[in-house]
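Enquirer: mind folding the following:
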Amino acid sequence: MTADFINALREALAEFARSDLGPVPAPDWHAMLSVQMAHMLVGASLALFRSPAPLVGIVFAVWAVKELLGDIPNGGSTWPVMADSMADLSFGALGYIIAKSRMEKPRHDLG
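Expert: Below you'll find the predicted structure:
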């Protein structure tokens, strides 16, 4: 049972370490778009749950390490894979910035 759990954990971690622009399979544009929207959701979730700034920094630091040690080496260290990793982090940050700015904007209710 322990070996099955370890194998399942390795497979899950290997999936997280696979780049969207890796050698096989090349994603369609809609798959790429949905993945980037998911990255925005990660950032937006951090803002919507009012995560403290140190936690946000830790999440993005761990994410950057995952990109540097997982996606880029497994994707062949080509410029598209590196660009994909930068896009992943950028879309996550964009989601955080948009959600945070929308929550801080004063509301003008008419009631």
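Enquirer: starting at the chain centroid, how far to stretch 70-80?
Expert: With CA atoms, centre = their mean, to the nearest Å as the basis, stretch 70-80 stands 16 Å off its chain's centre.
Enquirer: average pLDDT across it?
Expert: Stretch 70-80 carries an average pLDDT of 74.
Enquirer: got the contact list for residue 41?
Expert: residue 95 (CB atoms under 8 Å, 6 or more residues apart in numbering). Quick note: C-beta positions are derived from backbone N, CA and C, even for glycine.
Enquirer: I'd like the next helix or strand past the helix or strand that contains it.
Expert: Using DSSP states H and E, the element containing residue 41 is helix 29-48. Proceeding N to C from helix 29-48, the next assigned helix or strand is helix 53-66, under DSSP H and E.
Enquirer: surely residue 84 is in contact with residue 78?
Expert: No - between residue 84 and residue 78 there is no contact under CB atoms under 8 Å: 9.7 Å.
Enquirer: please say which of those two ends up with more neighbours.
Expert: Neighbour count, other CB atoms under 10 Å: between residue 84 and residue 78, residue 84 has more, with 23 against 14.
Enquirer: just checking, what packs against the helix or strand hosting the more buried one?
Expert: Secondary structure from DSSP H and E places residue 84 in helix 79-104. On a contact count with 3 or more CB pairs under 8 Å, 6 or more residues apart in numbering; DSSP states H and E, helix 79-104 meets helix 29-48, helix 53-66, helix 72-74.
Enquirer: could you find the closest non-adjacent residue to the residue nearest the centre of the chain?
Expert: The residue lying closest to the centre of the chain (CA atoms, centre = their mean) is residue 39, at 4.1 Å. Spatial nearest neighbour of residue 39, chain neighbours left out: residue 91 (4.1 Å); criterion: CB to CB, 6 or more residues apart in numbering.
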